[in-house]
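A.B. asks: this is the structure alone, sequence omitted:
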DNA sequence: AATGAATGAGTCTTCATTCAT
DNA sequence: CATGAATGAAGACTCATTCAT
């Protein structure tokens, strides 16, 4: 009983988060209207406030929700892969796939709406840092395994994440134009990073 | 006389643009208040509207102003340099230097505030594309000179610009923490791109 | 239940319209402040916008509301009367009575605030034309019945409506001064129109 | 010399008044911009304030200027005419002619923009009253001469002025539609007033 | 728990007016 | 006298948030 109720509630919360994803990413934080999110979620405007105390809070929760999905996807897809080149390629692939499913989030992930964050800024920055650390760890492991040469892993992680997000964004925002398959792009990218540009 | 007047007017327009830079980058587009920009510029609120027809227009003009400065800096600094590695390094250096002077713009350059743009979106996207083309050309030239191996220059340009902006942003937003010298970081970055990560 | 709610909502809409009547007629369109209308209606400023999408729209709706009341009054009072002289007299009487209850509207009915109208101008002009047609019809009927001689009914209708509104307005705006009873004035007017000024 | 200067000044003042006529009547009081009036008059915005202390004052002065022209025209045209019927007809004719030349003023004359007036309301009302008195006098004279029967001249004057303005307005605002010649309309009107509608 | 009607704080923008040149 | 750049008071309108039902 209790359980069913919880599920039911969870569903409503989830519907709202999904409405938020749709609207926030279409309109951005400021142009998104709570009312429209409520409509999307097929709940009443007031109901949104039963689950989230404010628009900002909703934005944050939505962000964390997406982040978590990204993170999970990231972990899962990379789990079995040992070879660094393959991991790198998979990273790009997963990220592009993810951005493709949440196109609109690319901007948000990239720039993080600093002014929106304010109170929650710490949380958002931490998420970013976390992802960088993750990539950093992968790099360090690869260095340890002597798959790659010793480089400043912090810097390299930034370069990779920047590339991931920006290239992903670029590819996705070039609407209408031919978007090469993710796999192929991912291969190219991994290749560039691994082999470098030098002859 | 006429000249002095023109100069005087130009000064006021410039003061407003600088006010806009300060406030927009501190608060973002939506939280920035015209009144505060006017205060910053030490002009009356109404005066802003003598020079710019709307908040959006002011934002666009400010963006173009900054872009142009960046562009000029970019061109100048790269002009004498022939070796690709040096150019790459300089690119990073210039960009970081620039972002350091306009810290606040990093977000804006990165994400382009899509929802703000709307009417002007085309202009903003074009600027981005323009920069990518520029880098692309540098790459093609380097390929032609056989300084680097033949790669997808479009993709590579995106990777480089993404890295430029993101790494720049990262470095700058880690306020309080030790920021390594730009030169050194630029060297590292150029090295990573040129040599790749592989052993 | 449903019914009570509707009634309740209707009431609020009506309260706002009445506030609008009070304020618009005291101050005219441009000097009227939405906030004051809201105060009059004892609702919040925002509530006005729940019911009317803009100040102009509110003005139009108020105008139509008043027009309808005038029209109804007009129809009802004239319904049983056959003799042309009596109808004419009643027309004046009804109009003066009406203007007396909505003093402030006289100007609006007279001049129609052309610049306010703009978008809605057509609606307002149509209302005017409608009233003229109505009077025109009454005149034609009277001509048919040979109660009055054949005249240009369009012109005559204009004369009569002009007189109705202007005289009404004159009488009402001479505040403080002795206003003769409506009935008596109406008789005089009807007499002038019917008998003419000639000896 | 002095004289020429005065003339010159008078010219500038007049140019502004004429600009005001054009703009006020096209846009109405509130939508008219001082700047546009200045443009029309081909003077600087500030210059308007050299001649008129405020927008309201300019409006009033413009109104009086027009009124005077109307008045003069009225007096002149009626001066030689003795027969009441002819005077009545001429009145209509002159008024329509006048409104045709200052189309836009019809509304203003009709309704008098009460809210604009405020401070000057007295002046405007007086002008109106003055015109009514004038017509009243004409009527009294006609009664004295036994050209028309004794009627309430105040009321009759109102009816006539109301008809003058309203019919004039109607005719003029029916843009695009066939407007019968003024003379003919004036004849019809005079006929209706003199003979009445009765058979 | 769910709703949506009601609210008013907050901001862009307009434009009459001023005043230094 | 003439000008127009500068100003800021004022007001329509939006929308997150509340709360009675």
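C.D. replies: Cool, got the structure. As the structure is a prediction and not an experimental result, all values here were calculated from the model. Numbers count the residues shown, from 1 in each chain, chains lettered A, B, ... in the order given.
A.B. asks: give me the neighbour count for the residue in chain A that chain D sits nearest to.
C.D. replies: Residue nearest to chain D within chain A: residue A:31 (30.5 Å; C-beta to the nearest C-beta). Glycine gets a C-beta too; all of them are placed from N, C-alpha and C. Other residues near residue A:31 come to 14 when the count uses other C-beta atoms under 10 Å in any protein chain shown.
A.B. asks: per-residue pLDDT, it?
C.D. replies: We have a pLDDT of 89 for residue A:31.
A.B. asks: what about it, distance to residue A:17?
C.D. replies: Look at residue A:31 and residue A:17: by C-beta to C-beta, to the nearest Å, they are 19 Å apart.
A.B. asks: what does residue A:190 give?
C.D. replies: Taken as C-beta to C-beta, the span from residue A:190 to residue A:17 is 33 Å.
A.B. asks: what do you get for residue A:74?
C.D. replies: Taking C-beta to C-beta, one finds residue A:74 at 20 Å from residue A:17.
A.B. asks: of these two, who's got more company?
C.D. replies: Using other C-beta under 10 Å as the criterion, residue A:74 and residue A:17 rank with residue A:17 on top: 21 against 18.
A.B. asks: residues in contact with residue A:198?
C.D. replies: Applying C-beta atoms under 8 Å, 6 or more residues apart in numbering or on different chains, we find residue A:198 in contact with B:147-149, B:194-196.
A.B. asks: in which helix or strand does the spatially closest residue to it that is not a sequence neighbour reside?
C.D. replies: Once flanking residues are discounted, residue A:198 sits nearest to residue B:194: 4.8 Å by C-beta to C-beta, 6 or more residues apart in numbering or on different chains. Assigned by DSSP states H and E, residue B:194 belongs to helix B:182-195.
A.B. asks: list the buried residues for that helix?
C.D. replies: In terms of neighbour count (16 or more other C-beta atoms under 10 Å in any protein chain shown), helix B:182-195 has its buried residues at B:182, B:185-194.
A.B. asks: biggest helix in chain A by residues?
C.D. replies: Secondary structure of chain A read by DSSP state H shows that its longest helix is helix A:2-31.
A.B. asks: OK, now which residue of chain A is nearest to chain C?
C.D. replies: Counting by C-beta to the nearest C-beta, chain A gets nearest to chain C through residue A:35 (12.4 Å).
A.B. asks: count of neighbours near that residue?
C.D. replies: Residue A:35 sits with 12 neighbouring residues when counted by other C-beta under 10 Å.
A.B. asks: same question, residue A:157
C.D. replies: The tally of other residues near residue A:157 (other C-beta under 10 Å) stands at 23.
A.B. asks: ok, now which ones touch it?
C.D. replies: Going by C-beta under 8 Å, 6+ apart, residue A:157 touches A:132-133, A:135-136, A:139.
A.B. asks: what separates it from residue B:185, distance-wise?
C.D. replies: 13 Å.
A.B. asks: likewise residue A:39?
C.D. replies: From residue A:39 to residue B:185 the distance is 47 Å (C-beta to C-beta).
A.B. asks: do the same with residue A:150
C.D. replies: To residue B:185, residue A:150 is 17 Å away according to C-beta to C-beta.
A.B. asks: quick check, the residue in chain A closest to DNA strand E?
C.D. replies: Residue of chain A nearest DNA strand E, by C-beta to the nearest atom of the strand: residue A:46 (1.9 Å).
A.B. asks: tell me which residues in the helix or strand encompassing that residue are buried?
C.D. replies: Element membership for residue A:46, per DSSP H and E: helix A:45-51. The neighbour-count check on helix A:45-51 (16+ other C-beta under 10 Å) flags A:47-48, A:51 as buried.
A.B. asks: and which of those is nearest to residue D:96?
C.D. replies: The nearest member of the buried residues of helix A:45-51 to residue D:96, counting by C-beta to C-beta, is residue A:48 at 63.5 Å.
A.B. asks: after the worst-scoring helix or strand of chain A on mean pLDDT, next one along is what?
C.D. replies: One helix or strand of chain A scores below all others by mean pLDDT, DSSP states H and E: helix A:114-117, with a mean of 54. Next along the chain after helix A:114-117, taking DSSP H and E as the criterion, comes helix A:121-144.
A.B. asks: what is that following helix packed up against?
C.D. replies: Applying 3 or more C-beta pairs under 8 Å, 6 or more residues apart in numbering or on different chains; DSSP states H and E, we find helix A:121-144 packed against helix A:55-79, helix A:84-101, helix A:114-117, helix A:153-173.
A.B. asks: tell me what angle it forms with helix A:84-101.
C.D. replies: Counting by axes from the mean of the first three to the mean of the last three C-alpha atoms, to 10 degrees, helix A:121-144 lies at 150 degrees to helix A:84-101.
A.B. asks: quick one: buried residues of helix A:121-144?
C.D. replies: A:124, A:127-128, A:131-132, A:134-136, A:138-139, A:142-143.
A.B. asks: in TSV: those residues, plus distance to residue C:21.
C.D. replies: As requested, those are exported to TSV (distance: C-beta to C-beta, whole Å):
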residue	distance to residue C:21
A:124	52
A:127	57
A:128	58
A:131	62
A:132	65
A:134	67
A:135	68
A:136	71
A:138	73
A:139	74
A:142	78
A:143	80
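A.B. asks: just the closest of the residues you listed to residue C:99, please.
C.D. replies: Nearest to residue C:99 among those, counting by C-beta to C-beta, is residue A:124 at 64.6 Å.
A.B. asks: the closest one against residue A:63, yeah?
C.D. replies: Yes. Between residue A:124 and residue A:63 there is a contact under C-beta atoms under 8 Å: 6.8 Å.
A.B. asks: the helix holding residue A:46 vs DNA strand F: in contact?
C.D. replies: Yes. Applying C-beta under 7 Å from any atom of the strand, one finds that helix A:45-51 is in contact with DNA strand F at A:45-46, A:49.
A.B. asks: and residue A:150, how many neighbours?
C.D. replies: Residue A:150, neighbours per other C-beta under 10 Å, totals 12.
A.B. asks: ok, it - contacts?
C.D. replies: Contacts for residue A:150 (C-beta under 8 Å, 6+ apart) come out as residue A:143.
A.B. asks: how does it look with 10 Å?
C.D. replies: A:139-140, A:143-144, B:197, B:199 (C-beta atoms under 10 Å, 6 or more residues apart in numbering or on different chains).
A.B. asks: three-state assignment of residue A:82?
C.D. replies: The local conformation at residue A:82, judged by DSSP: H, G, I helix; E, B strand; the rest coil, is coil.
A.B. asks: if we can go back for a sec, thought the residue of chain A closest to chain D was touching residue A:23?
C.D. replies: Yes. With contact defined as C-beta atoms under 10 Å, residue A:31 counts as touching residue A:23 (8.9 Å).
A.B. asks: can you check the pLDDT for the closest residue in space to residue A:127 that isn't next to it in sequence?
C.D. replies: Distances taken as C-beta to C-beta, 6+ apart place residue A:67 nearest to residue A:127, at 5.4 Å, with adjacent residues excluded. On the pLDDT scale, residue A:67 is placed at 86.
A.B. asks: residue A:67: neighbouring residues, count only.
C.D. replies: As a measure of burial, residue A:67 has 18 neighbours, counting by other C-beta under 10 Å.
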